[in-house]
Structure formats: structure tokens, C-alpha cells
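> need the 3D shape of this:
(chains A, B, C and D)
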Amino acid sequence: MSSDSIKSALVIGGGVAGMQASLDLANYGIQTFLVERQEELGGRAYKLSRTYRTHECKSDGCCMDYCRECIFTPKFGELFQNENIEIMLGTEVDDISGEPGNFQITLNTGGETRNLNVNAIIMATGSTTFDADKIKEYGHDRYDDVITFLELEKMIVSQRGEAESFARPSDGKIPETVNFLLCVGSRDSNKGNQHCSIVCCTYAIGQAKDLKTKYPDMEVYIHYMDLRAAYRGFEEFYKEAQEIGVQFIRGRVASVQKDNWDLVVSTENIDSGELMEIKSDLVVLTVGQEPHRGSDKIAESLNLALQSNGFVFGNGTKGIAVAGCALGPRGIRYSVEDAKRAALEIADFLDGGEVVEGN
Amino acid sequence: MVTEAQPKENEVVSDDKEGDFEPKIIGFLCNWCSYTGADLAGVSRLQYPPNFIPIRVMCTGAVDPVYVIKALLEGADSVLVAGCHPGDCHYLSGNFKARRRIAILKKLLENLGLEERRIRLEWISASEGQKFADTVNEMVKETKKMGPNPIKKEWDI
Amino acid sequence: MSKNVRLNVEEDLLSTVNELFKKMLEKDAADVLIVPQDVPSGACTVQTLVRYPAGLRALNPFAFVLPSNSADILVKTTDQASQERIVVVFRPCELRAVFELAKLNQINLDNVTLISVDCLGTLPVPEYVELAQKSENGLTMKLLFDVQKGGKESLLGLDLRSACQICELPVMDNADVSICTIGLNLQKEVLLKANTPKGEEFLGAIGMELSEEEDPESRKKALEQLFKVKAEAREKLDAQVKEEVKDIAGYMTVLASCINCHNCMKVCPICYCKECFFDSDILKPSPKQLLDKSEKRKVVRMPIDTTLYHIGRMNHMITSCVSCGMCESACPSKLPLLAIYHAFGSDVQALFNYVAGRSLEEELPLATFKEEELESA
Amino acid sequence: MRGTSSRKPKIGVFFCTCKGSIGKNVDLNELESRVKENPDVVLCIRHDKLCEKDGQAFLKDQISNTDVDRIVLVGCTPRTYEEVINKGALEAGINRHLVEHVNIRELCEWIHPDEKSATEKAVFLVLGSIARVAFAQEVLDKQVILKNNNVLIIGGGIAGITSALELIKNEISVHLVEKTDKLGGRAYELDTQRLSEEDVILPNINELIKSDKFHVMLESEVVDVNGTLGDYKVKIASKDKEEELDVGAIVIATGSELFDAIRILEYKYDDADVIDFFELEKMLVKDEVKVPSSGEIPKRINFIQCVGSRDENKGNAHCSLVCCTYAIKQAAKIKILYPDTEVYIHYMDLRGPECGFEEYFLDAQKKGVNFIRGRVAEIQKDGKNLILRTEHIELGDIMSLPSDLVVLSVGQQASVETQKLADMVHLPLDKDGFLGYYNDRFEILDRRGISIAGCAQGPRGVARSISDAKKAVREIAGIMKKGFTARSIHSVIDETRCAGCRICEELCPYEAIYMKNVKDHVTEESRLISSVNLAVCQGCGACAMACPGGVPQLIGYSNKEILAQIDELI
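Numbering: from 1, shown residues only, chains lettered A, B, ... in the order given. Take a look at the predicted model:
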């Protein structure tokens, strides 16, 4: 590749990994096209009320627990400002052909097609969350007060700063008892996916902690199989939750049913062996992550192999890098790390190994 | 700040009365913790009285006591210096340095008969929006109780 | 216990000490002396740099006058590369300033031998000059005997400078060598003490044989008495000034006669800045700013920023103030600056358990910090 | 850049309404009219969203169409958009130091519902900043070229070796200090093919040794680090000598150390048949497992997880992340080698942060590995037999399990070397004693030329250590080759006014102040005065406060500016 021609790359997916990868690429002086299927950048991470210690966090105790403002908004600003980045929202990748160093891309924006030549590709198609309706016994499709953790995040965000109270969907009451069900659709090859989604434990504990801190009288239960978290600091996090009174019950919940007016969570406490029925005002299903629809198609056109769980294998062909949840469930921290690595790989490839100083 | 004439000693100036006296409080907020804490108070819509006027500095360790003296001499009724909690300073130890300087200054002003509470050094982290609002509320209340800065009664400033 | 030697007084005290210092140059124990000598008229005593024995004519380290704090001379005569061996004779307040300035890296003490003298105090310069002109020769000795005995006849009713009245450390036992006069029969002898290895070596070099003798009882007693008198005076003055400036109004009244000459800063041995912050452009308002201020405030007392200067300067150097009182002596408006600095300074220095100039080892409070301290602040 | 000296300032005030979110409580019209009264203000204009593309275009347009030479931006908190706006202003020809940000959203609009007082406060805030910006000085970013561009790598484990290879690829000379007598660390002893989720190809040590840019010091230790980016002096103690090395940057790859199981007395690590996972690994590489005391094939093997991990009292609070995966893979391999051997894994929670863990787990279960939840209470010795006593939490039973071989899955902990080094280079440690704290902020590391790779920042597997090292080194390589731009906010010292008291040197938390010898051209007096090392200065302003003479000043936060602002606020 001649060094004076402008190098270009396509980033598929405008979630946190895609955003970071685009910024890094652009800062390496690479003309970057960022394609996002939705009308908005940020992906799932942007919908969270807050995140728990990520790479982006200023780890000097300066957290205002308002990640949308602190992490994402400035990043949007940077992305939209950057001369080297062109963002295409509401756009899907229809076709990819060619070879590393020279890919031909066909893009589709609301029926309008556009052809593009790029030298390299970063796939950051992310993952989607498991559809909780698939597990009938948890009643997500039937009961208003059975919600997924993302729906809870949405509630927290929309109620923030306006009302002091936290209202459950059915009648707007502050719930007195909240049950968190972990591994919904995860580690369950019959009804869901076999893999563990890694981040759900942390999120559930975080949400439980927030609720318990705000409403000390609220009874908060977390039903789990194993408590897992890849991040250091989790142990303290977990302990804090225990200390403020979040109750952890080991065992997979059998069902959530309505008994007259109340939701009842039935489970076996594996540790004590007893069968429990817990009346609950709100049930939060912590759904896992699974591959995004269409990501297999893109992987195929890029000659990337798939893992048994449907996620993409990372070590593919030269000139193609994968970042974020497309590789498997992960949190924001790993996604950003991934993205930085992916951008490095691509920059290295386009430079022929030559180092370009990063910002 | 308006001094029409030199009042006689112990004479109660009209704006001295608690209630209709609106104090002015100047705050030096460290960029990393307390300023962000103030932002959080804003984001969380935590109301506090508008008597507080912030100045952003990089670190409490960069707050020259001269600034505080100047503010008081110009007629500020109280001064807040707020930074990261001990051990959390973005610049490792700025807050410890600030603590020494402010302690010296307080001692001097105390000797000059200025209430020690007119200068406050507070540790407010970025996540303590509530603490920030509380601190301002408390300071306004306290300053109202103490009355206007006596320096204002003097002509020279 | 420090090593010491009694020096017999031959003719009189001053000439004995003069000979002693001559010996330092003759025996090549020093390259340059910085010593106070009477001016020919005898009206005053000034510091001199002496390189040859012939330059030592009227050495008088005991004179009851201190025109300026000599610590500044060492700032001017030493630098990082100083090689010349300098011997100085300073009063305790000057030595304290030397210690502070050494900690502030303004003086290089590597090749300096510090000799202190017991100090019974000094008179304000104009009054001393007047007194000296009226007196016959031998004023210093007369005062020395007189004041030591507790009498004040020879002072003709004059008071010592307030700094001297309240002096906390009229004797310094951590100079390399100290010349002790208090509580001794000065017609017969004077006591030399070597307080440091450097001092011992120095006295050895000029042929002194040192022993380890206890201070004579008379000296112990005299010192005890002296400390008591000073402490009482100190307490009285502190209380008096704290009453006078107990509130801002009092302070501003005191400052009302300040003419903003900044002499107090210029003569202060501790004020080491090349240009004072309060003299710098940073604080100079433009004509427009000044006039705008009068609009905002209706009245502006001039000169502007006098209060800022005084509180600001106090804030800058109070932890290092050695209470030499030069500021007060130099003030044309006779502001009680020493009294204020002493009263406030001892409070501030107590915060850090620090006494300015007490020793070289104590860390400057402003150049360090502790993680665990001042928790209530 | 527009000249700004000795002229009347021409200030442009931009109001950003943040898409209408400012203006409900603060009366912008009133605010604008008050601001316009200031004679220095030549432009006063409003926009809806200055941080977005068209807002930026608007900003640039307005600046270039007028003779504005400094601007005040009134809007949201500078903590979010400062950089964006400064960049926009710069493109229009206004230096970032001539831009002041006034936050009337978080500090006014959102908290003061009373319009009158909110507006009044906003007026003060804006006027204060106008007064301040009038004294602002233009300072151009300074490019710093390095004196020395060799890199020192401390630690010859996988992270160190990867770093070295990457640097050499970029033609940068590397010195590597390793405390043991050989390179490679733990990673090369592992049965990696089976221990990582993807096929990790370990870097080739031979290739490294062959390079003439590679200088290795084995059995050596760093004892002192002085200096800064581009000019480090590092003292290295070897067995019989001590030498000093000049390098430009440092990569800390000191790794972690395994928890010493002897500390947990009840697990009897001193018994020959109780081994840690690393010792087992060395057997597995040879495809055979023998009971150390008897030399026989073990019939019953028990793995104990979380040895020294998640246990504040006897070990470390943190989870070591990789041990579950290792144990499961080891167990599965034993089952392949010896299908008749009973294998038990005692765990607290099963954790594997990497993808594919679930498959390993199921695979191990299928092969007949038994998983028992609960922390093992103790190991007893009954004659020649080891007996594990544990509570099976799920069944609630107290179990006694005889065992031929016990494998302790010890966790990783911060190594003593890392802690010593952290002290030498003034990096804070996190609560677990790792250098993880600063891992989150790449920039700081690079400014000082110190990067951290691998397990020194916390427990991690081989693959992650390799990718870490590549990242750490890439940034360093760029700086070594091209130099870098100093922080825009840093301290400047007025040399003529410095008295050399060194208080600023004492109080600078980064050792960015150094003493420089100058000769006064009049008096010929040589004296030491303070000087700022731009490579290290982080712009905290401690020196500015330390100096009674106000000699060091922080760009954008000088005494003049702040005092002017104070003046205006009251």
C-alpha cells in the first residue's frame, strides 16, 4: 500500500466499541466510516443509568454516577466533530466483497444504496439481550411488574431528577419487595443460551444496591447461580451489597406467578435446601446477551468463524478486526479495551507495521 | 458591600439583621472533585441558595491564601475551599497542602476577630452532590447568623 | 554537654574579644570575619567584613544597638559555590534568621562558622545614637554591667526595643560557638562554648583548650531571672496587642496610619523574595479599575490594598518570623508590627510545633505537610 | 493567531442554550444586556448547541467575521465540553487559554428556580469570567523532544517479552531487567494450548535474544529511579555490581506472584502431596501426573479453589479471575489421561470471565469431574492419607473426602517488586496492591513515560497480558520517536524573580520542578533557581501556591486572572 494515499476503514456498529474504535482510528489519521443500524449512537451502554467502573471512568473518585453525561455525551461530541469520521445512522451493510486492503462495501440507508471502498474493517456489531418472553414461567409477557434489567435502567433514567419516587409500572407504587432473577436465558441450553453473560451479576448487584440505598426499607433479593464478575473490585462491591442488606439466594427460580394481586417468586434455596415463596412487588429479570441478528451474515462475508455460542471468533483475517460484544458478552471496560486493540491492529495493518503516534 | 458612611462601633447596620441580609459566599472548587460534585448537585436538581459563587481551580493545593484574603477584604461574607477527600487528590497531595495553608490563615484571621467559620475547607467528592448542596446551605445559614463580614464596615478594603 | 573554655579578661572585655578575633585571622582559621565594630565616633555600631587583622580595631559584639538584622549579609556573601571560610558574630535574633534563611536555601552554611553572643537587648537606633553621643567612651561596658545587674540607670530611662523586651531566646546554644557574658564577672572572664563539632574544631584551631565544665551557678541564676522577666513582658505585650487588634476594626485603626512604604518588608530578614508579591504588577490596578471600584463601593480608602499587604505578608512569612523586631524599628508610623507578629506568630507556629529559627533540623511548615494532621480544619 | 498583547481586549461572549435547557430560570435577555454593558465585550451572541457541528461552524464563523480576540462561553459545565469548544475556537484562531467557560447550567439554571436571583448569579459568573479572560495570556502548546529514547522494561515475563519485541519492531533499543535467571515468567511453563480460550501464540524469545537492540540483565533488580520522560536515570543492582542506565521511558511488567499456600495452615501445603496448580501444570506438560510421595498415579484428586483469594483474613480480597478456568482444564485433562481417577473441584463460585468458559465447564462435567460448592475447612493427615473436610453447601453435609493428591488453586497477588517500584516512580497502588488504579488513565502513564503491562495491574491471563503489552508499548513507541506535546495547562516560572528557596520543589508532587544553575549577568553570582520540566508537570498549581513571591504561575490560572475574577464577583 502506498503510504501517501489516504487510508480508510469501515466500522460496523455504533455502540461503545464502535465509537471508541472509530475515534482511535480517526486519531491515527485513518478516514473512518461508522455505520449504525439504529438512528442513534451509543448502543446498549448509552441506555444504562450508570456504569460500574469502566476504562473511561476517571478513577480518581470523581464519579458523578451519571455516565451518559460523563462518558458518552463528550464522546458523541468528539465523534461528530472529527474530520476523519463520517457517521451513517440508520444504515445497514448490504454486502461486503474484496480483500484486505481493498474492500467494496454496499450500504443501505432506508433503501438508498451507497458503494464504498475501504482498506480495512472493524466489526463491532455488539450483542442483543435475550428475549425474556421466551421463558414463559417468569411471566414477562403477562405481568407489568416483571421487567428486564434494561427496562429497569430505562425507568431509573426517565425518573431521574423529576420525581423523587421510584414507581413500578402497574400502579406507580414504590415497590416494597424487589426480586432480581439472574441468568435469565443464560447458562441454560434448553430455554436460552449455554454461555454466561459475565456482566449481569455486576449490574444486578449495582441496581439492587442503588435501590436499597435509596429505600432502606425495601426488601431486595438476588437469586443467583454463581456470582461472577470479571472485574476487580467486584468482591468489595458484593460485600457492600450484603452489608446494606441485599439478600442473596442461591438457586434458579422456578416460577413467577400471580397470586391474587401479588407476584410470587418460587424458588429453592440450594444452600439451605428449603423451598421459598417470596411475595414480590417488582421482579427484575437479568437477561443475558446473545449474538445480534445479522452478525453471522456479516461474519460470513468477512470469512470470520463463529464460536459454538454464535459469537464471532476474533482472530480472523488481516485487515479485519472484531471488537466488543460481537466477540461475546462483555462489559464496557472490556469493550473499550477491545476497541482500542482493534483500532491498533487495523492501524498497524494499514501502516505496514509503522507506528503512528496516537493522540 | 455598600458602605455609605463609617458606622459607629456596635451600631447595627441596616443589612445586619438576620433575614434580609443576603450573604455572598465565594467558593474555590477543585476541578476534579468538588466542581464535579457541584455539577452533580446541578444534574440532580438539588436546590441551594444563590448566594454561593464558585470559582473553578485545578486543585485546592493551588488556592493561594491570598485569594481567600482578597475575597474577604473585597467583602465576601464567607469563603469555601473545597477539594477531594484526603488521599483522593487528583494530584496526589494538593489537599494536604491546602489544609496547612488554610489552617494558618484561619489562625491569623481568628486573631483579627474574624469568625473562624467564615473560611471553610471541605472535602467534597464528585459523587457527593448532596454534600455540596448541604455545605452551601449550611454556610449560607451560618453566615446569615454571623452577619455581614465586619470588614465591610471599614472604609478601606 | 558542650565543651567550653574560660577566657581571661586582660585589659578589658572588648579588647580581649578583639584580640581573640584577630587570632582567628592570624592563625588562618578564617578567611573573612563578619563582625560588628564601633564607628570611629562611637555613635553607633555596624557590621563589617574584615579580611586582615589590621581591620579589627573596635570590635563590639555587645553594643546595645542593632541597626539591621545581619542575616542578610550572609545571603549576600554566600552562594551555592561559596568556598571562603566565613566567621560571623551574630546576636540570637540574627542567628535565628540565619537558620530560617538556610532552610530557605538563601544561605549556604557549609563554610560558615556561626558565633553567637548573649544579648541583653538593644535600644532603638536614634535613641542609642543620641545616648552614645552624650556618653563618654565605654558606654557598652557600662550598659553591660548595669543592665546585667538589673539596673537601668545608664539607660537614662530609655526602654529596650519591644522585640528585646520580650525576647524568647536571648542566648543561643546551637551556634557553633557562643560567647557567654550573662552571669559572669566580666571584669575577670568570659565564657566560650563550642556547641558543635565544627565549633570545637574552630576553637581548637585558634589554640583554645576545651574542657567540660558546668555553667557557673551565677550564670544559671541570671539566665533564669532573665527568662522570667522576658516571659512576663511577653505575656503582657501579647495580651495588650491582642486586645488592641481583637477585631478587624481595631486592626484597621492600627493600620490607618500605615503609609504603605513597605519598609517592614524591606528590612525583614525573612522576606527573601526577589520582588515582593505585594509590590508586583499582579496587584497594581489600572486607573480605570481603581475608579470603577470607587463606583462600586462608594468609598475607597487609599493607599489601596494596605490591608491585603499586611495580612498577606503575615500569611506568607509568619511561620518563619523570628521576632527580631526590625519591621517595627523601621516603621515610620510606629505600627506595633513586632507585637502583632509575635502574638499571632506564636499561635501559628504552635500549630506545627515549630519555633522559627530554633534549629536547623525542624522542617519549614510551609515546605511540607503531613497526611494526618489538622483533622478538624 | 491573533495578537493579544498590550491592546484592549476584545471579548466575544457566546451563550449556548443547550437546546433550550438554559433560559427557563436564567433570564438570558437580561443577562445579555448586562454583559453588553461591559466595554471589553464586542460580541454577544446566542446559539442553541455550540458543541455540535453547526454550532462549531457558527462559532468559527462569528470569530472570523469579527475582531474578537478572546471568548467567554456561557453554557454547560466545562467538565464535558471544554475540549470540544477549545478545539473549535483554536481552529478559528483563538488559543485555548483565551477561552473561558462559564457554567450557568449545573451551577445556576438547574438549581435556582427563582429567576431574579438565578439571573443575578449568572451575571456575576459571566462578568467574573470576562474580567478573568481579559488578563489571559496566549500560550502555544510546546513540543517536547526527548533526549534519550531507549526503553527500560522491568520484568521478563510474557508482558515484558511482548513489549520488548514490539519496541524492537519499531527500532527502539530495549533494556530488560529480570530478577530471575531466565526470561519467560510463568506463561512459558503453562500448558498454554489448553489453557486459553483462543490459541495464544507465545512470542519467540529466541528472536528477541538475537536482536542487537535488545540488552538483557538477568538476576538484576531496579533499586532507584530518577528523572523523567526522556531522561530517566535508573540504578540497577546485579549480583556483584550496580550500574546506572539512561533511558527515555519505562515499562513496568513486573507481573504478579502466586499466593504462597503455606500461609493457610489448614491446607497443609508443607505436605508433599499437597501441591499448587503451577506444580501440577509442570507435570501436565509432560502428560503425566504422579503422587509425589509415592510416585503412583493418583486415584483421587481434589482441587481447592480460591486459595488465598476472596479471603481478606488469610489472603487477598480480590478474585484472581483465571484460576477457575485453569482448574477446570487441568481436571479435564487428568480425566483424559486417567479416566478412572476421581476428580473433585471445591469452589465458591465458578468464574471465567472469558467466552467459552461455560463449554469447558460442561465438558469437564461430562468427563466426570465432580463440582462441590463450599470452602474446604481443612486437610487432615490420617497416616499416609490426606482427608479433606468440607461442607457441601448444597447438600448441607459435612464431608470427609480421602485424597491422594490435593491441588491448591492459588490466586495471584501483587508482587513485592511492583510495590517497591510503585514507590520509586510515585505511582499509587490500588487497594489490592496492584498498579491497576492508573490503568484506567492511559494519558498519565504516557506523560511520564511509564507504562504498565500485564499482571502488575491485576490478575489476568496470558492473552490479555499480551494485548496489554502491545497497547502499552505502542504509545511509548510513538513518543520515543516523535516527542510529544506538553500539557496545555502547566506551570511557568519567572526566572528573574525566583529566589531559589526550593519550597516549590519540595511541594511538587511529580518532581516536575528541578533546580537550574544560572549566573546573574550583572553580579556574576551563580544561583539555583526553579525550572519546570514540561514532560512531567501535570498542571496542579502546587508550586504557584507554594511560592510567596508568586513566581511560578499556572497557565490559565494565574494570580492576576483569579484575583481579577474575585474582584468582579463581589
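
> tell me which residue lies farthest from the centre of chain D.
Computed with C-alpha atoms, centre = their mean, the residue of chain D farthest from its C-alpha average is residue D:383, at 51.3 Å.

> got the contact list for that residue?
Contact criterion C-beta atoms under 8 Å, 6 or more residues apart in numbering or on different chains gives no residues in contact with residue D:383. In this view, the C-beta of every residue, glycine as well, is placed from N, C-alpha and C.

> which helix or strand in the chain has the lowest average pLDDT?
No chain specified, so I'll use chain A. Within chain A, judged by mean pLDDT, DSSP states H and E, the helix or strand with the poorest mean is helix A:67; its value is a mean of 66.

> try again with chain B
In chain B, no helix or strand scores lower on mean pLDDT, DSSP H and E than helix B:34-43, which sits at a mean of 88.

> per the record, what domains does chain A have?
Domain assignment for chain A, taken from automatic domain parsing, gives A:8-126+A:292-351, A:130-289.

> who are the packing partners of the longest helix along chain C?
In chain C, with assignment by DSSP state H, the single longest helix is helix C:217-244. In this structure, helix C:217-244 packs against helix C:162-165, helix C:337-351, with contacts taken as 3 or more C-beta pairs under 8 Å, 6 or more residues apart in numbering or on different chains; DSSP states H and E.

> next secondary structure after the least confident helix or strand of chain A?
Heading C-terminal from helix A:67, the first helix or strand you meet, by DSSP states H and E, is helix A:73-81.

> residues contacting that following helix, please?
Outside of helix A:73-81, the residues that reach it under the criterion C-beta under 8 Å, 6+ apart are A:19-20, A:22-23, A:34, A:41-42, A:56, A:85, A:87, D:51-53, D:56, D:80-81, D:83-84, D:87-88.

> tell me the phi and psi of residue 145?
No chain in the question, so chain A it is. phi -90, psi 10 (degrees, to the nearest 10).

> um, chain C though
As for residue C:145, its main-chain torsions (degrees, to the nearest 10) stand at phi -70, psi -40.

> that one contacts residue C:182, correct?
No. No contact is recorded between residue C:145 and residue C:182 when judged using C-beta atoms under 8 Å, the distance being 11.8 Å.

> of those two, who's got more company?
More neighbours sit around residue C:182 than around the other of residue C:145 and residue C:182, counting by other C-beta atoms under 10 Å in any protein chain shown; the figures are 23 against 15.

> follow-up on the earlier one: among the contacts of helix A:73-81, which ones are in helices?
Residues of these located in helices (DSSP H): A:19-20, A:22-23, D:53, D:56, D:80-81, D:83-84, D:87-88.

> which of the residues you listed sits closest to chain B?
Nearest to chain B among the ones in helices among the contacts of helix A:73-81, counting by C-beta to the nearest C-beta, is residue D:80 at 8.6 Å.

> for residue C:325, grab the count of nearby residues.
When counting by other C-beta under 10 Å, one arrives at 27 neighbours for residue C:325.

> report the contact partners of the nearest residue in space to it that is not next to it in sequence.
Ranked by C-beta to C-beta, 6 or more residues apart in numbering or on different chains and with sequence neighbours excluded, the top spatial neighbour of residue C:325 is residue C:163, at 2.4 Å. Neighbour list for residue C:163: C:93, C:323-326, C:328-329, C:338, C:342 [criterion: C-beta under 8 Å, 6+ apart].

> what's the most distant pair in those?
When those are compared pair by pair using C-beta to C-beta, the two farthest from each other are C:329 and C:342, 13.9 Å apart.

> tell me which parts of chain A are close to chain C?
Contact residues, chain A versus chain C (C-beta under 8 Å from any C-beta of the partner chain): none.

> ok, the residue nearest to residue C:279 when sequence neighbours are not counted to residue C:125 distance?
Closest residue to residue C:279 apart from its sequence neighbours, by C-beta to C-beta, 6+ apart: residue C:262 at 6.4 Å. Using C-beta to C-beta, to the nearest Å, one obtains 19 Å as the distance from residue C:262 to residue C:125.

> and the least confident helix or strand of chain B, anywhere near chain A?
Yes. Applying C-beta under 8 Å from any C-beta, one finds helix B:34-43 in contact with chain A at B:36-37, B:39-40, B:43.

> kindly tell me how buried the nearest residue to residue C:92 once chain neighbours are set aside is, as a neighbour count.
Nearest in space to residue C:92, with sequence neighbours left out and distances taken as C-beta to C-beta, 6+ apart, is residue C:172 at 4.4 Å. Taking other C-beta under 10 Å as the criterion, the count of residues near residue C:172 is 25.

> residue C:172 is in what secondary structure piece?
When elements are defined using DSSP H and E, residue C:172 is found to belong to no helix and no strand.

> go on, residue D:475?
Using DSSP H and E, residue D:475 falls in helix D:462-482.

> next: residue C:295.
According to DSSP H and E, residue C:295 maps onto helix C:287-297.

> dump the helices and strands packed on helix C:217-244 into TSV; add mean pLDDT as well.
Compiled in TSV, those are given as follows (pLDDT from 0 to 100):
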stretch	mean pLDDT
helix C:162-165	90
helix C:337-351	91
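
> quick one, which of these is nearest to residue C:373?
When these are compared by C-beta to C-beta, helix C:337-351 sits nearest residue C:373, at 8.8 Å.

> packing partners of that closest one?
Other elements packing on helix C:337-351 under the criterion 3+ C-beta pairs under 8 Å, 6+ apart are helix B:94-111, helix C:162-165, helix C:217-244, helix C:306-317, helix C:326-330.
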